[in-house]
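Chemist: Got a predicted model here, sequence first, then my questions.
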Amino acid sequence: MRRRTGPAVAVAAAAVAWGEWLNWRWSRALVGNTTGTTEAVVVLGYRNPRARANFINRWRVRAGIRSIAADPALDTRVIFSGGATSGGATEAQLMADYAASVLEFDGTVLLEDRSRTTWENITNVIPLLEDIDRIKIVSQPAHALKARAYLRRQRPDLAAKLVRADDYRPGEWAIGKLPLALYGLWTLRGLRTDERKPAP
């Protein structure tokens, strides 16, 4: 029995490590080290059919809040992006409500509440980013990379201001890293090789 379980455990461990590595790699692609005095943290919504923020949106909000730079001199705005849900409220509003009521976040918040796709997320937040020095996009690593690639395609001048968000941490979502990696490979199939390469 032990001889049979040993290889299975090794394969499972290797699969989890592979998923972890891919998510780590994606979190570091298309970002730089831009400095400045203003920062925007863009939190992308996930489909939310109920009247309260779901598990994924709650996690994205937490990742967005922890992505805010520690420097108190930095002027930071958090932008929640996501359109209407079947419950009536927008994803952006549900995330903002969660940030305020549960996380007690009282910083500057802007809502982009018309988007239904990732491409629209980026298109519609661009007017809110024009005067920003540093831009962070928050979601699961593959989705955030896709959004950064879209910003690069739509506005390369703004994409040059992208910096890494705190939406990847080793061991977080450990069990889900493998399915997230597999799903990410499928969703990122349209990206070019240069859009997947981690920053040095």
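Modeler: Yep, that arrived.

Chemist: ok, residue 35 - contacts?
Modeler: Contact analysis of residue 35 by C-beta atoms under 8 Å, 6 or more residues apart in numbering lists 133-134. (C-beta placed from N, C-alpha, C; glycine too.)

Chemist: Just the residues contacting stretch 101-115, thanks.
Modeler: Applying C-beta under 8 Å, 6+ apart, the set of residues contacting stretch 101-115 is 45, 58, 61-62, 65, 68, 75-84, 90-93, 96, 99-100, 120-121, 123-125, 128.

Chemist: err, stretch 179-187, not the other one
Modeler: 18-19, 22-23, 26, 140-143, 146, 173.

Chemist: filter the contacts of stretch 101-115 to the buried ones?
Modeler: With burial judged by 16 or more other C-beta atoms under 10 Å, the buried subset of the contacts of stretch 101-115 is 45, 58, 61-62, 65, 68, 76-84, 90-93, 96, 99, 120-121, 123-125, 128.

Chemist: Give me the most central residue, the chain.
Modeler: With distances taken as C-alpha atoms, centre = their mean, the residue of the chain nearest its centroid is residue 139 (1.9 Å).

Chemist: for that residue, phi and psi?
Modeler: phi -170, psi -170 (degrees, to the nearest 10).

Chemist: Is it in contact with residue 60, as I believe?
Modeler: Yes - under the criterion of C-beta atoms under 8 Å, residue 139 makes contact with residue 60 at 5.9 Å.

Chemist: shared neighbours of the two, anything?
Modeler: Contacts common to residue 139 and residue 60, judged by C-beta under 8 Å, 6+ apart, are 43-44, 46, 167.

Chemist: And stretch 157-173, what's buried?
Modeler: Quick answer for stretch 157-173 (16+ other C-beta under 10 Å): 158-159, 161-168, 173.

Chemist: residue ranges for the helices of this structure, please.
Modeler: Taking DSSP state H, the helices of the chain run over residues 2-27, 55-66, 91-101, 118-125, 141-154, 156-159, 177-187, 193-196.

Chemist: Dump those into TSV; add mean pLDDT and distance to residue 135 as well.
Modeler: TSV is the format used below for the helices of the chain (pLDDT from 0 to 100; distance: least, C-beta to C-beta, whole Å):
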stretch	mean pLDDT	distance to residue 135
helix 2-27	78	15
helix 55-66	96	13
helix 91-101	96	17
helix 118-125	98	9
helix 141-154	96	8
helix 156-159	97	7
helix 177-187	83	21
helix 193-196	79	16
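
Chemist: Any idea which of those gets closest to residue 34?
Modeler: helix 156-159 (10.5 Å; C-beta to C-beta).

Chemist: what's the burial count for residue 111?
Modeler: By other C-beta atoms under 10 Å, 17 other residues sit near residue 111.
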